[in-house]
Each structure stands twice: as structure tokens, then as C-alpha cells.
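K.L.:
could you work out the structure for the sequence below:
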Amino acid sequence: MKSINFIVSTICTVIFCLWLFSCKPQTAKPVILLVSSATTYQEVLLELGKLYQQEKPNITINYNFGPSIFLKEQIKKGVPVDIFFSVSNTTMDDLQSLGLLIAETRQNLPLTNQLVLIVPQDSTLQISNFKDLINEKIKRVALGQEKLLAGINAKETLTSLGIYDRVKNKGIFAGDDIRQILKAVETKKVDAGITYLTEAKLSDRVKVVAIAPENTHSPIVYNVAVIKGCQNVPEAKEFIQFIKSEKGEAISEKYGFTIIKQSS
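P.N.:
Numbers count the residues shown, from 1 in each chain. The predicted model follows:
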């Protein structure tokens, strides 16, 4: 009888210990995500990243910002990246064709941008639309080279308006960073510049004088994917979903992005 009581007591003790252990809060494993992103999405990701890390303190998010085409080349060379935010379908297509994406994670973000014409805040030049750039009083115009999507979109719009060759001759071209366009206008090294609305909203030293009609350039699409080799795929997917949440949309709008409403 004593033996049976001892066995029962032992089993109860083990069960109680297991119950106590299960009630203890389990510390989530620490995770580091490396995010490469087009520069135009920088401010959104930095702000959302801070909010996300408040909710998920075990997650550390590191960033690498730059032109999509440069980031793509880094990934092709094997630079370790977990998540890639691109402003070009072509860039993603290239990586997918090489088998460098986890294909089922690739998706478009529900937002877009606007191509705008900007001038210094105190400019007295009579510029109210893109065609005014051919005016002889306009001497210098900041444009992106064609390895920057902003440069491609600017060329498309100017070509659509029939003025690209005349404006190109006034061009001061940014090749490495879209922010060079904004800086050139801020410092009055140029009379005007063509960039994205999200860039213009970063500075109170420039003003937007015209918005390019959507039908004059290819769609400005932001997309994202988890890169093959990512060691924390579930966490990477969760972060992407957070970016697409209502909080993400609100912060994207705050920085000048246009939210694309999904049809029901």
C-alpha cells in the first residue's frame, strides 16, 4: 500500500512540476532580420520597424537602403538578405528567374507613388507644368539616370510629352541615389527636378509644382519577397504582414504614398 501511495505521490509531483513549467512565460528566441529596401520606402520601414519591435521585442531588424537595382546585384552576389522591398517588377523578375526568391512570398504592396516636378521653395521662375522645362530661363534640371526607376519614369513622362531631348540637354543626372535629386533642388544647384512625391515631402525647402499624369509613365509598383536562404522565414512573413496592416497603410500615407484600395 505504501508503495502504491509513493507511486501516486511521485506521479502527482511530476504532473505538478510540469504544470508549473508550462505556466512560466517562455522567452521567444532572438531573431535578426536583414531588410534591403529601395530608398523611397526608407522612412516608412524605419518607423514601422520601431513599432513592430515594441510588439516583438525578440525581433531585431537591420536595414540596407539603396536603389533597387544595386540591392538586386548585392543579392545576386550572395550578400545575406532576408527580405527585399523593391520598386521594380523587373528587378524581382530577375531574382525570381535565378531562383533567389521564395516565390510564394513575392507580392505587390497595396500602394503606389506619384512622379512630381519640384522647384526650390522660394523659386520665382514661372514653372507650373512639365512642358515649362523647355523654357530658355530653365537652365538646369535634376533627373535620375536610367538605372534609377525615378530616372526611367522621368524619361517616360518627358518622352510622352514630346520634350525629352530638349530637357535632357539641361539635365544634371543622379546615378547612385534618388536623394541626390532632392538635394540638388534644395541647394539650388538646379532650377527644377523630377522625383517622387514621397521624396518631395521630406523637405520644406522644395515645393511641388506639377504631378505627372499616370498615363505618361509606367506604373510605380512596390513589391516584396523573402529571399531564399532566409533562416527565419515565419518571422519574415509576419513582418511583411505587419507592413501591409492598417498601421502600415497609415504610416505609408503619412509619407506621401497612395494606398491602392483592394476591390471587394
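K.L.:
the most centrally placed residue in the chain: what's it in contact with?
P.N.:
Central residue of the chain (Cα atoms, centre = their mean): residue 41, 3.0 Å from the mean position. Shown in contact with residue 41 (Cβ atoms under 8 Å, 6 or more residues apart in numbering): 85, 87, 222. From N, CA and C alone the C-beta is placed, and that goes for glycine too.
K.L.:
can you tell me which of those residues are buried?
P.N.:
Buried by 16 or more other Cβ atoms under 10 Å: 85, 87, 222, out of these.
K.L.:
number of nearby residues for the closest residue in space to the second one that isn't next to it in sequence?
P.N.:
Residue nearest to residue 87 in three dimensions, not counting chain neighbours: residue 38, with 4.1 Å by Cβ to Cβ, 6 or more residues apart in numbering. Burial of residue 38 is recorded as 25 neighbouring residues (other Cβ atoms under 10 Å).
K.L.:
can you check residue 104 too?
P.N.:
Residues within reach of residue 104, counting by other Cβ under 10 Å, total 9.
K.L.:
same question, residue 136
P.N.:
Residue 136: 6 surrounding residues under other Cβ under 10 Å.
K.L.:
can you tell me which of the buried ones among the contacts of residue 41 end up in strands?
P.N.:
Among the buried ones among the contacts of residue 41, the ones falling in strands (DSSP state E) are residue 85.
K.L.:
which of the buried ones among the contacts of residue 41 sits closest to residue 140?
P.N.:
Distance to residue 140 across the buried ones among the contacts of residue 41 (Cβ to Cβ) is lowest for residue 87, with 25.6 Å.
K.L.:
pLDDT score for the closest one?
P.N.:
If you check residue 87, the pLDDT there is 92.
K.L.:
next one: residue 28
P.N.:
pLDDT recorded at residue 28 is 74.
K.L.:
now do residue 174
P.N.:
Looking at residue 174, its pLDDT stands at 91.
K.L.:
can you tell me which residues contact it?
P.N.:
142, 143, 144, 145, 148, 151, 180, 181, 184.
K.L.:
hang on, the fourth one packs against residue 175?
P.N.:
Yes: with contact taken as Cβ atoms under 8 Å, residue 145 and residue 175 are classed as touching, separated by 4.3 Å.
K.L.:
may I have stretch 55-72 exported as CSV, CA atoms only?
P.N.:
Extracted in CSV, the C-alpha atoms of stretch 55-72 (Å, rounded to 0.1, in the frame of the first residue of the first chain):
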residue,chain,number,x,y,z
GLU,A,55,5.3,44.3,-30.2
LYS,A,56,8.0,41.7,-30.8
PRO,A,57,11.0,42.6,-28.6
ASN,A,58,12.8,39.4,-29.6
ILE,A,59,13.0,40.6,-33.2
THR,A,60,15.9,42.9,-34.3
ILE,A,61,15.5,44.4,-37.8
ASN,A,62,18.6,45.7,-39.6
TYR,A,63,18.3,47.7,-42.8
ASN,A,64,20.2,48.3,-46.1
PHE,A,65,18.7,51.1,-48.2
GLY,A,66,19.6,52.0,-51.8
PRO,A,67,18.5,51.8,-55.5
SER,A,68,16.6,48.6,-56.2
ILE,A,69,19.0,47.6,-59.0
PHE,A,70,22.0,47.9,-56.7
LEU,A,71,20.4,45.9,-54.0
LYS,A,72,19.5,43.3,-56.6
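K.L.:
the more surrounded of residue 145 and residue 175?
P.N.:
Between residue 145 and residue 175, counted using other Cβ under 10 Å, residue 145 has the larger neighbour count: 17 against 12.
K.L.:
and stretch 198-217, average pLDDT?
P.N.:
For stretch 198-217, mean pLDDT is 97.
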